[in-house]
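> quick check, what structure comes out for this input:
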Amino acid sequence: MTDLFIINGESAEGVEALQNVPTSPDATAIAEFSPERGMAFFFRNRVERGEQTLGLPIFGSFVDANGDPLPVNTSLYLALKLKGRAQAVKVSDRKGNISFYQNSVDTQQDVDNIDGAKFVLRQTEEQGGAPVEHIRVRDIDSFRLMCDSSAQIDWSQSEMYVDAQAVTERELGN
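You can find the predicted model right below:
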């Protein structure tokens with residue numbers, strides 16, 4: 001298990017808080033996960049809590065500089081940026097309404113609510129888009145939480161956690 005988080009501007013090793021660009025026509029990254037040299041992160045697509053077993057739970061409280069929650073029509077999804085590729089590719093379902101994230105993090109983590117935090121990990125669209133067992137992120141790649149919002153996130157007032165039971169860090173080759 002690996003703890004990946006951003007809390008009020010502080011982040012775990014391997015996690016970088018980024019600013020989304022509200023004026024961008026495309027979603028932009030708000031968090032980037034990159035393992036240390038010689039290591040890889042494995043994000044599992046299965047957590048045995050809740051009714052839906054598929055999905056990587058990401059919990060959070062996403063607010064703007066005024067302390068207001070990001071608009072509910074904000075969308076979030078996960079993307080993988082592989083070395084040598086110009087763009088990150090979408091590898092999860094898109095959450096087109098983030099009203100779930102207006103609940104407290106404790107409420108989100110509750111077994112009765114956790115399904116709302118799960119992002120089902122998938123092959124890229126060019127590979128068919130079927131669910132996958134896990135996403136492997138090498139030390140030369142990055143895994144990104146993408147955001148399309150009319151407001152900019154303020155990480156000094158926001159928090160985000162990836163469910164530690166769904167992430168492992170291993171040496172490359174293992």
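> mind listing what the helix or strand harbouring residue 147 pairs with, with the direction of each?
Assigned by DSSP states H and E, residue 147 belongs to strand 142-148. Partner strands and pairing direction for strand 142-148 (DSSP bridges) are strand 28-33 (antiparallel), strand 75-81 (antiparallel).
> deepest-packed of these, please.
Across the strands paired with strand 142-148, the average number of neighbours (mean count of other CB atoms under 10 Å) peaks for strand 28-33, which reaches a mean of 22. In this view, the C-beta of every residue, glycine as well, is placed from N, C-alpha and C.
> about what we covered before: which stretch among the strands paired with strand 142-148 comes nearest residue 88?
strand 75-81 (3.8 Å; CB to CB).
> quick revisit: what's the offset of the helix or strand following the strand holding residue 147 from the middle of its chain?
Counting by DSSP H and E, the next helix or strand C-terminal to strand 142-148 is strand 159-162. Distance of strand 159-162 from its chain centroid, counting by CA atoms, centre = their mean, to the nearest Å, is 8 Å.
> next one: stretch 114-126
10 Å.
> ok, now stretch 22-41?
In terms of CA atoms, centre = their mean, the centre of stretch 22-41 is set 9 Å apart from its chain centre.
> ok, and for that stretch, which residues are buried?
For stretch 22-41, a neighbour-count test (16 or more other CB atoms under 10 Å) marks 22, 27-35, 39-41 as buried.
> and if you look at stretch 42-61?
42-47, 49-50, 54-61.
> okay, strands next: where are they in this structure?
4-7, 10-11, 15-17, 28-33, 39-44, 56-61, 75-81, 89-90, 118-119, 134-138, 142-148, 159-162, 167-171 (DSSP state E).
> still on that earlier bit, the strands paired with strand 142-148 into JSON lines, with extra columns for mean pLDDT and distance to residue 149?
Shown next, in JSON lines, are the strands paired with strand 142-148 (pLDDT from 0 to 100; distance: least, CB to CB, whole Å):
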{"stretch": "strand 28-33", "mean pLDDT": "97", "distance to residue 149": "9"}
{"stretch": "strand 75-81", "mean pLDDT": "97", "distance to residue 149": "8"}
